Each structure stands twice: as structure tokens, then as C-alpha cells.
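A.B. asks: Would you be able to build a 3D model of this:
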Amino acid sequence: MNKDDKEFIPGEDNQPDTEALNPAAEEEETDKLTYEENDNWVFDAQAPTLDNNILENDEFEISIPAEKPAPAPAAPAYKPAEPNQITVKTDTIKFACTAVIIAIVIAILAVLGVRYYTMPNSDEKMNPGNVALTVGDTPVSIGMYNYYYTCISNNYISYASYGQYDLDTTKDFSKQKTTDEDGNTVTWAQLFVNSTIDQIQYITSYYEEAEKAGVTLTKEQKNTINENLDSIKESASQSDLSVDEYISSTYGEYCGYATLKKMLEQCYIAENYYQQKQVEDKVSDKDAKAYYSKHKEEFMCVPMAYLQLSYDSSDEKEKEKTVKQANELAAKIKDRDSLKKLIPQVYKDTVQQYLDAGYFGSEKECIAFFAESSEADVTEDSESFSEDIVKWLYNDSVKKNTCKTFVDDESGIVYIVLKLDGPTLMDDEVYSVRHILIMPGSDEKEEEEASDIDVESEEKEEDVEYTDDQWKKAEEKANEVYDEFKKGDKTEYSFAKLAEEYSEDTASTSAGSNGSVYGGLCQGTEIGKMVEPFESWSIDKSRKYGDTDIIKSEFGYHIMYFIEDTQYYINQCKLVLAKENEDKFVDSHSVKKHSSAMSKTKVAEPTAATESDNSQTFTNENAE
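C.D. replies: Take a look at the predicted model:
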């Protein structure tokens, strides 16, 4: 939000410019009164003002010229005042206006007090002194900033302590440099701040639009929020601290109970709107094809197969021995089949380790896994393999079924790479559907969990044989859910919400381990990945968007919702465009930092070199 500077010039329509008419006038004396930065703030308390524009600027001046003789009568003249300046003439009327302005300032201070403008708080009162950022039209408190900053900086520091980042947690973060996701060189201290602001902008942009769209919390989300807050209250009580003291000791000053409650509510509401927007704002086939026509090279790949041999990179003799072995193996490889025949020999020890750990039931299953994993489609900008391998694969002079070894000294690996073909379009068939899985015996499992029975000790799902009665109950439940869908608006979003409520396939809902999938979505699914009844229904060429049905598989009853059956590259184009649209949406909610309040935000300090627990201390200093 850009500052909207305004001028107030008393009587500008009918007063002569005395300075212009009297060039011999003495130099004006200026008194200047400066207020803390605030831009069109919406205050919690309303001060009695005559004009809301009076205090819109960071500062203003009242300039009173010295007394001088009255000028000769002349036509009215106008001269613009300097920016942010209230120009007052010597006329009695002008002094009267000055008096009004001063009275207004005094009245505001009397009603709100200086502390209202300058002092932060943990109650989420949005007075100017407590607002660190404004995202779009939404103010963000110092406490809210501190919460996000603590989570993000601690996350980086924690991973760094395990060697995931090149960051010395015992040294000044502002003296160490890294590269951000855009390739810019920044200090770690600045990366903490930038990442915090990016996260706040992301959540707040969706929250702001969700509020406009009337999106609310679900009953389950309200219960979850209350449970979290009750847990915090209990922890605070056990620590003999007030709730606000307990929270601020973890997340920093001005972060209190009201802050965490507001944060949880905003995040859930933002997520609800995000999921709705993802479902409803689909990228069209036309736009996807237009994008492909301009970026064809991005959707080409070179298929390859490979084996890898590990060695101790600190032992030069072992390296030479491993390279020699790899070259001997490469000489035996003429095509895909001859490479895969070497898998039992190359991965003999690894196969045994997997079997001993119980990952596979037989050696044959384990070898089949390695055979499938030995192939890859490599794009020209791939970072999964070294630059040397990618360049070699894309070299037109390297023919199909050519094999070569590559040494990766940093990882201690020798790769044996077989080029299976030249660059080809990634046009494999893929399909996207949503489904709600109702499994037999689910009612019994719910009863067991409610009775605190240890279901972990029960047989695995794939080993259970369901009774006819269990199948019947599952079918009845599936029909009930399906009827509920058909009685509603029958949109994809309404189906997705039912999947979140009823589906037992957690991998396709937000209940899954990564939480990145929503509403029973199976996006861009390759042929052969799903059970036959599921896949046959999904790739039926008569399918149209919005088709629904119930099908039965060995896992239970699937309530299906068809989205599309397309090519891999089209699906990828849609994902790229969806991400671009999301970035534009978030960026449209600009971020404004308020320097005075930002100077009071939290800054991570390095851990003392003598500490062994990698814990961090913080101070309230400006991060910038």
C-alpha cells in the first residue's frame, strides 16, 4: 500500500500569496512535529477529528511567517506548499485554522495517548506501534511476525546442526552468506527475515481473500484450535507462568495467547480458501497447450538406465579399483536387458540388507524393485544427476544404447549410464480423479479405537479377509456418502470436502503424512499404478469431467469423480501454470514493512560454542 501524501492549505481559494507580493519578506521560521510512521491506520479507538486526512502522513509542518506589513490589494495568487506541509498565513483566520489543527492533535493524544501509537502489545490490538507489516490491507503484529520468525529460523538452525545447511550455528548469522531460492547471495540473517515475510505474505494473502469470500472455520477446525490452546494453557500452568509469559518465552516478546489463537484461525481459514481456489481455478487445456508451444524443450527427456557403485572417496586405491570394476561391467552392457541382468551381482550386499531389514518378502521382489528403480527420464535442466551425465545424454553424437561410466568424487559413487534413446516428448498417458474409499470393517476399527484397543497389534490390512457382512456394511456406507454428494451442488469441491470427511485413503487427503494432497485427489496418475477396477474406470474414453460412480476393488468401495485423462506433458504444463497463477495471486498482496515496529522484532543469535544442545537464544533487535 503506497503512502498517500496530502496537503492542507487553509483558505487557498481566496487568499493572496503574501510572500509573492512582498519579496522583501523575512525568512519564515519553521517548527516541525514528527509522528511515528502510519499509513491510513484503522484505529481501535476513534479520536474526535475534523478531517481524517490530517494525520495520514508520517509528518507535517506548521510554518508561521514573521509579522509584516499588510500587502497592497491584488488578485488572488496561489503557490503550492512543500510536500507534507501545512502552510499558515498571518491572517487571523489562518491562525484560527492553526489553532484548530493543534487542538485536534491534543484531542487525539488525550483520547488515545502517545503509548497508543508507539507501544506494541500481545493482545493483537492493531495500533501503529504494534504493526510490523501490512500485507494487502491486513496488518500483521510484531507478535505474529515473531511467531513465524521463530518457527522458520529455528527450522533452518536445527537442520544446519545436522549438516543439512552450510551454516555455523555458533557464529554471527549476519556475517555468513548463502544463496536464496532465486539465486541471490544473502546473509543467513537476511534469509531468516525474507523467509518469514514470504511465509506471512503467503498465508495472509489467502486469508484476506477468504474473508472477502465469506470462508469460515469448520466445526472440526474450531475444536482443533481449542484443543491446541487448552494444551498451551496446561503447559503454562505446569511451568508456573501466565499463558502470555509462557508463549512469549518461546516465540518472543508481544506474542501471546491472542496471537496464537489468531494465527491458528487465519491459517485454517486461509487453507480452506486455498483448497477451494485450487479446485475451482483450473488451468484450461487451451492455456496448457499454448504454454507447451512456447516451452517444448522443457517437456523433452532422455530415457536412461544406470547402475551405481560406491567407494570410499578418501581412499584413492579403492577408487581406482571401483572405477576399473565399473568399466568392466559397462563393457558387458549392450541394452536395457543386459544392464538389468547385472543387478543381482552389483547390488548383492544391498539386496541382503533389505531382506534382513524385512523390506521385501523375497530376493526376487527386491531385485525387481532395483530393476524398476534403475531407469529414469532425464530433462535437460535435471539436478538429479551430475552436469556431465546430463550433457552426455543430450549430446546428439552419443547414440542409443551407448554406455559410459562417470565418477562422482563428492558422493563417492561411480555411475554406469546407458542411454536408451534420444530426446523424446513426455507424452505418456496419465489421468486425474478424486475418490472416497470406504473400507470393509471400518466401523469395527472405529469402535476399537474408541475403546482404546491397540490396533497396532492387529493384522495388517492386506492380510485381513473381510466377511460378507463387512462388505455389505461398507457398500451401504458408500451409498450413503454418494447420496449425500448427489443431494448437494455436485461440484468437484463439494466432493473433495466429502473425501476429507469420509475417505480412508489418507494418501489422497490432507490426513496423509505430507498433508500436501487434498480431497481424495489422484493427480497425473501413470497407467499401471492403481488397482485394475479403479484404473479401468478412470481411463474409459467415454469419461467426461464430473462423471461419478461407485466401483469395488480389493480394498473396498471407491466413490469416483473423474477429472481428466491426458498426456504427461499437458498435465505438467497445467501444474506449472497453476504455480505461476498462485505466485501472481500472492504477489498481488504487496507487503509494506513499518520500520519503527520492525525494529522491535526478534533476531536469532548464534549458540555459544560451548553449548552442546544446539538450543538458540534470541534478542529483540532489528533484523535489518
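A.B. asks: what element comes up after the helix ranked longest in the chain heading to the C-terminus?
C.D. replies: Taking DSSP state H as the criterion, the chain has its longest helix at helix 188-213. The helix or strand immediately downstream of helix 188-213 is helix 219-238, counting by DSSP states H and E.
A.B. asks: Can you name the residues in contact with that next one?
C.D. replies: Contacts of helix 219-238 with the rest of the structure, by CB atoms under 8 Å, 6 or more residues apart in numbering, involve 217, 242-243, 245-247, 257, 260-261, 264-265, 268, 272. From N, CA and C alone the C-beta is placed, and that goes for glycine too.
A.B. asks: helices or strands up against the longest helix of the chain?
C.D. replies: Here helix 188-213 touches strand 131-135, strand 138-141, helix 142-161, strand 177-179, helix 257-280, helix 568-587, strand 591-593, strand 603-605, going by 3 or more CB pairs under 8 Å, 6 or more residues apart in numbering; DSSP states H and E.
A.B. asks: can you tell me which of these comes nearest to residue 120?
C.D. replies: Residue 120 lies closest, by CB to CB, to one member of those: helix 142-161, at 4.7 Å.
A.B. asks: In that closest one, which residues are buried?
C.D. replies: 142-150, 152-154, 156-157, 160-161 (16 or more other CB atoms under 10 Å).
A.B. asks: farthest-separated two in those?
C.D. replies: With CB to CB as the measure, no two of the buried residues of helix 142-161 lie farther apart than 142 and 161, at 27.5 Å.
A.B. asks: So which bits of stretch 301-314 are buried?
C.D. replies: 301, 302, 303, 304, 305, 306, 307, 308, 309, 311.
A.B. asks: Do you know the pLDDT at the nearest residue to residue 412 once chain neighbours are set aside?
C.D. replies: Nearest in space to residue 412, with sequence neighbours left out and distances taken as CB to CB, 6 or more residues apart in numbering, is residue 313 at 3.8 Å. Residue 313 is assigned 87 on the pLDDT scale.
A.B. asks: Surely residue 313 is within a strand?
C.D. replies: No - using DSSP: H, G, I helix; E, B strand; the rest coil, the assignment for residue 313 is coil, not a strand.
A.B. asks: can you pull the contacts of it?
C.D. replies: Contacts of residue 313 were listed using CB under 8 Å, 6+ apart, and they are 319, 409, 410, 411, 412.
A.B. asks: Give me the buried subset of these.
C.D. replies: 319, 412.
A.B. asks: Now tabulate the contacts of residue 313 in JSON lines and tack on distance to residue 179 and pLDDT.
C.D. replies: Output for the contacts of residue 313, formatted as JSON lines (distance: CB to CB, whole Å; pLDDT from 0 to 100):
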{"residue": "319", "distance to residue 179": "30", "pLDDT": "94"}
{"residue": "409", "distance to residue 179": "22", "pLDDT": "91"}
{"residue": "410", "distance to residue 179": "18", "pLDDT": "88"}
{"residue": "411", "distance to residue 179": "20", "pLDDT": "90"}
{"residue": "412", "distance to residue 179": "25", "pLDDT": "93"}
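A.B. asks: Now render the contacts of residue 313 as TSV, adding distance to residue 183 and secondary structure.
C.D. replies: As requested, the contacts of residue 313 are arranged in TSV below (distance: CB to CB, whole Å; DSSP: H, G, I helix; E, B strand; the rest coil):
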residue	distance to residue 183	secondary structure
319	33	helix
409	25	coil
410	21	coil
411	23	coil
412	28	coil
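A.B. asks: And the contacts of residue 313, which is closest to residue 491?
C.D. replies: Nearest to residue 491 among those, counting by CB to CB, is residue 411 at 48.6 Å.
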